[in-house]
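> I would like to see how this sequence folds:
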Amino acid sequence: DPALLRPGRIDRKIEFPAPSEEARLDILKIHSRKMNLTRGINLRKIAEMMPGASGAEVKGVCT
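Coordinates of the predicted model:
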């Protein structure tokens, strides 16, 4: 919203880039740790297939 960026409102803009492939893999491992996954599920392949996904979107794959 441009109104938030007017002088005197918010002084800094902080960007949160999408996680790297390794970070996506780590997120998948953390959130699938207690899941009973079918043998053959390749979390690395899933991480590869999600370029540009946010951490929340990666987590959402596990829910």
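
> and stretch 45-57, how far apart are its ends?
End-to-end distance of stretch 45-57 (CA to CA, to the nearest Å): 16 Å.

> do stretch 7-18 as well
By CA to CA, the extent of stretch 7-18 from end to end equals 27 Å.

> run the chain-centre distance for it.
Chain-centre distance of stretch 7-18: 20 Å, with CA atoms, centre = their mean, to the nearest Å.

> excluding sequence neighbours, find me the nearest residue to His31.
Of all residues not flanking His31 in the chain, Cys62 sits nearest, at 3.9 Å (CB to CB, 6 or more residues apart in numbering). All C-beta atoms are positioned from the backbone trio N, CA, C, and that covers glycine.

> and for that neighbour, the neighbour number?
Here the number of neighbours of Cys62 (other CB atoms under 10 Å) works out to 17.

> where do the helices sit along this protein?
Counting by DSSP state H, the chain has these helices, from start to end: 21-32, 43-48, 55-61.

> from the chain's centroid, how far away is the shortest one?
So the one you mean is helix 43-48. With CA atoms, centre = their mean, you get 12 Å for helix 43-48.
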